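Participant: predicted model and sequence follow; I will ask about them next.
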Amino acid sequence: MKFLTDRPDITAPKTVEQYNQLKNLLSALNQKQLTPDIIALIDREIDHINYANDTGKKLEKSVKAAENQIIKAVEKELKIVPRNYYKKLWTAFGFTAFGLPIGVSIGLLLKNIGLLALGLPIGMVIGFLVGSKLDKKAAEEGRQLDFEVKL
């Protein structure tokens, strides 16, 4: 598996942080058994970034896109996820999938649709709990990376 080259030309703090986060992801993935297909995908993404002449926002977007692509592929094929992956995913999902219907139900039952907002935090909590349980299960099964997406 290839690694990112050092880029002293990167000076923007947010870009440096994003670049270092991708390095940390690659380091965490290096500790796991990966399939040849995943390694080939990672190598393609790393080559794209290593040979890019971009700096600043354009490089930051490329690094973030590569990170997302790698995480999605690893999760889809190997079911390996970063720390708190499911918690973040399910909190947003719970907000919309559970919170909105609960809020609409409360609003309609009490004939005051302004109470719609009451369901949103309930849905967030449900999603948070489901995501926490899935993260715990992934950690117990050894499917969790020693890495967390920060940005």
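Facilitator: Everything's here; your move.

Participant: so how many other residues sit close to Gly99?
Facilitator: 23 (other Cβ atoms under 10 Å). (Each C-beta comes from the backbone N, C-alpha and C, glycine too.)

Participant: oh, I was asking about Ala65
Facilitator: 13.

Participant: assign it to helix, strand or coil.
Facilitator: Recorded secondary structure, Ala65: helix (DSSP: H, G, I helix; E, B strand; the rest coil).

Participant: distance of it relative to Asn24?
Facilitator: 17 Å (Cβ to Cβ, to the nearest Å).

Participant: Ala52 now?
Facilitator: 20 Å.

Participant: which of those two has more neighbours?
Facilitator: Neighbour count, other Cβ under 10 Å: between Ala52 and Asn24, Asn24 has more, with 18 against 13.

Participant: tell me who's in contact with that one.
Facilitator: Phe147 (Cβ atoms under 8 Å, 6 or more residues apart in numbering).

Participant: so where's the chain shaky on pLDDT?
Facilitator: Counting by pLDDT under 70, the chain contains low-confidence residues at 151.

Participant: residue farthest from the centroid of it?
Facilitator: Lys111 (39.0 Å; Cα atoms, centre = their mean).
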